[in-house]
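Student: Below are the sequence and a predicted model for it; my questions follow.
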Amino acid sequence: MNFELTALPLQDVDAEIEIVIVVANNLKHRFVQDKKLLKKAGFSGGQDESCLLLGEGRLYVGAASVKSAAIRTAAASAIKALKGTKYKSIKIATYTNKGCTYTLRAMVEGFILGSYSFETYKSKKSKNKIKEISISLEEYSALKIDIEKASIQIHKAQIIADATNFTRDIVNTTPDDCYPEVMANIAEGMAEDTGLKCKILKPKALRKEKMETLLAVARASRHTPRVIHLTHKPKNPKCVVTLVGKGLTYDSGGLSLKPADFMVTMKSDKSGGSAVMGIMKAVAELDLPIEVHGFVGAVENMIGGDAYKPDDVLVAKNGKTIEIRNTDAEGRLVLADVLCYAQQEVKSDYLFDFATLTGASVVAVGHYTSSIMGNNKKVQDLVVKEAHNAGELATALDFNPYLKKTIKSEIADICNISNTRYGGAITAGHFLSEFVDKKHSKKWAHIDIAGPAFVEHAWGENPHGASGAGVRMMVKLIENLAKDTKH
Ligand code: BES
Ligand code: ZN
Ligand code: ZN
């Protein structure tokens, strides 16, 4: 998809179809030239409602306001409405919130994210896709828009949306095509393309590093585990950020086997690790002045004669002993070791982990929202704020001392599941906090993306399947750390 920014008025721009956004149901705006036809078609301009007037060469789409979130999904709806048509080029005017070019960025993100489809396993690929998008600087409120600023935002949007689609592709790939070794290869390839440093730890190195809980989860799989470490190290970085991702290329549940219906979609249990890879790609391409480290624990949780068991006691990298009572609570075991390894390797100003960690998070906050936990309200709130700014939904779930006690063990330092069936997202967060050292305790946030990472229907700018949850929120956060001087 190519974007061209032009100072020409919209009517002088050449394209097969013009897209008009109807803002706040205002059909009287000068951009709306087909008011009568639209009324006849019953189009009122509701958010994401679209109406294609073939004869006029215009596609109308509704947006509740000119705010980024509304424009983003409107753009995605417009591009979806053109799917299956033969049009290759479109044009659109500029819509900004009082001249702020962030809305332009949201619009471009909407076009790229909305046009995504995963067709690797389809015999017939869709050929006709919109290739050229011309954006005229003619603005909705007749404001003058700086072409330099506008083109910077378009460029950023392309990098961020492409990185989100990169993450979506990894998550959507089937477990037999994307296992730990493949994830490591994808990371290496991406690192070579973007100039990131990439280190891969194979089983021998993992044993040397005493990552015994990660190795135990991996034991019954024919695919050996990998830990990936990607580094973006600019000169004079403003601060250091560490990202850790759960990369379960398949989660069968292990011996505590998942029921059949719950196992379907568990190829998406690598979403946290895939998000970390997407974030690293964007950070490198944007060349942000922040040192960023991305760690991924890539493992497959299977059954077999060599499987780890309920009743086992494992020793994590930091020496803590863990009583296993359910092998399906495997993500926290992998993250425990990778968190310890990441903190040993890098002392950072912020530490974030991303994981499809619990079904309980989906029960608590629904499919579209990530839950954010940690020991520092400010860091939690920062993630929630930047997620919203970037077009993702997130909400803070608070820790409490009573739930913390529910992961106590009679025979080991800690148990891998809670003794209560309630509050499972939070108890999993408490478990992880046992593997965050004192230095990082107030700098850490745990991001449970189990809800939005993979949804079996389209929503907003997201298609069926992988959404790339986590990528936009974290790139935005890191971008803003680059602007902010005090940490
Ligand atoms: N990968 C799952 C969590 C999950 C569930 C992600 C649904 C996305 C959608 C995780 O490893 C898991 O199985 N967690 C268990 C924990 C339980 C055994 C304490 C769960 O959520 O049921
Ligand atoms: Zn599991
Ligand atoms: Zn899992």
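Tutor: Thanks, I have it. Residues are numbered from 1 along each chain as shown. Ligands and ions are numbered 1, 2, ... in the order given.

Student: what residues are up against whatever residue of the stretch 351-487 of the chain ends up closest to ligand 3?
Tutor: Here the residue of the stretch 351-487 of the chain nearest ligand 3 is Thr356; by Cβ to the ion that distance is 6.2 Å. From N, CA and C alone the C-beta is placed, and that goes for glycine too. Shown in contact with Thr356 (Cβ atoms under 8 Å, 6 or more residues apart in numbering): 246, 248, 268-269, 271-272, 331, 448-450, 453-454.

Student: ok, 7 Å please
Tutor: 246, 268-269, 271-272, 449-450, 453 (Cβ atoms under 7 Å, 6 or more residues apart in numbering).

Student: closest to Gly253 among the residues you listed?
Tutor: Asp269 (10.4 Å; Cβ to Cβ).

Student: Tell me how far the closest one lies from Thr427.
Tutor: 19 Å (Cβ to Cβ, to the nearest Å).

Student: between those two, who's got more neighbours?
Tutor: Asp269 (28 against 25; other Cβ atoms under 10 Å).

Student: Give me the three-state assignment for that one.
Tutor: Following DSSP: H, G, I helix; E, B strand; the rest coil, we place Asp269 in the helix state.

Student: was I right about it contacting Ser252?
Tutor: No. Between Asp269 and Ser252 there is no contact, the gap being 9.8 Å when judged by Cβ atoms under 7 Å.

Student: re earlier: okay if I get the contacts of Thr356 as a markdown table plus pLDDT and distance to Glu345?
Tutor: As requested, the contacts of Thr356 are exported to a markdown table (pLDDT from 0 to 100; distance: Cβ to Cβ, whole Å):
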| residue | pLDDT | distance to Glu345 |
| --- | --- | --- |
| Lys246 | 99 | 18 |
| Ser268 | 98 | 27 |
| Asp269 | 99 | 24 |
| Ser271 | 99 | 23 |
| Gly272 | 99 | 18 |
| Ile449 | 99 | 24 |
| Ala450 | 98 | 27 |
| Ala453 | 98 | 26 |
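
Student: among the residues you listed, which are in reach of ligand 1?
Tutor: 269, 450 (Cβ under 6 Å from any ligand atom).

Student: Output those of the contacts of Thr356 also counted as contacts of ligand 3.
Tutor: Asp269 (Cβ under 5 Å from the ion).

Student: want to try a markdown table for the contacts of Thr356, with distance to Pro259 as columns?
Tutor: Compiled in a markdown table, those are given as follows (distance: Cβ to Cβ, whole Å):
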| residue | distance to Pro259 |
| --- | --- |
| Lys246 | 21 |
| Ser268 | 17 |
| Asp269 | 16 |
| Ser271 | 21 |
| Gly272 | 23 |
| Ile449 | 22 |
| Ala450 | 17 |
| Ala453 | 20 |
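
Student: Which single one of the contacts of Thr356 is nearest to Thr120?
Tutor: For those, the nearest to Thr120 is Ser268 (15.0 Å; Cβ to Cβ).

Student: Can you tell me how far the closest residue to ligand 2 within the stretch 51-200 of the chain is from Asn236?
Tutor: With Cβ to the ion as the measure, Pro175 is the residue of the stretch 51-200 of the chain nearest to ligand 2, at 13.7 Å. Note on Pro175: its distance to Asn236, by Cβ to Cβ, is 42 Å.

Student: And the two? Which one has more around it.
Tutor: Regarding Pro175 and Asn236, a neighbour count based on other Cβ under 10 Å identifies Pro175 as having more, with 21 against 6.

Student: which SSE is that one in?
Tutor: Using DSSP states H and E, Pro175 falls within no helix or strand.

Student: and the closest residue in space to Ser441 that isn't next to it in sequence, what pLDDT?
Tutor: Leaving out its chain neighbours, the residue that sits closest to Ser441 by Cβ to Cβ, 6 or more residues apart in numbering is Asn375, at 5.2 Å. Asn375 carries a pLDDT score of 98 in this model.

Student: Can you report phi and psi for Asn375?
Tutor: Main-chain dihedrals, Asn375, degrees, to the nearest 10: phi -100, psi 0.

Student: what about it, how many neighbours?
Tutor: Neighbours of Asn375 using other Cβ under 10 Å come to 17.

Student: cool, Lys378 as well?
Tutor: 9.

Student: got the contact list for the helix or strand hosting it?
Tutor: In the assignment (DSSP H and E), Lys378 maps to helix 377-390. Under the criterion Cβ under 7 Å, 6+ apart, residues 370, 372, 374, 393-396, 443, 445, 447, 472-473, 476-477, 480 lie in contact with helix 377-390.

Student: let's see it at 6 Å
Tutor: When contacts are defined by Cβ atoms under 6 Å, 6 or more residues apart in numbering, helix 377-390 is touched by residues 372, 374, 394, 396, 445, 472-473, 476-477.

Student: same question, stretch 23-43
Tutor: Contacts of stretch 23-43 (Cβ under 6 Å, 6+ apart): 20, 44-45, 51, 53, 56, 63, 65-66.

Student: which of those residues has the most neighbours?
Tutor: Going by other Cβ under 10 Å, Ala63 tops these with 29 neighbours.

Student: Kindly provide the distance from Gln33 to Val61.
Tutor: 15 Å.

Student: Between those two, point out the one with more neighbours.
Tutor: When neighbours are counted by other Cβ under 10 Å, Gln33 and Val61 differ, and Val61 comes out ahead with 29 against 16.

Student: State the three-state secondary structure for that one.
Tutor: strand.

Student: ok, for the residue of the chain found nearest ligand 1, nearest residue in space, not its chain neighbours?
Tutor: Here the chain gets closest to ligand 1 at one residue, Gly359, 3.4 Å apart by Cβ to the nearest ligand atom. Among residues not flanking Gly359 along the chain, Ala450 sits closest, at 6.5 Å (Cβ to Cβ, 6+ apart).
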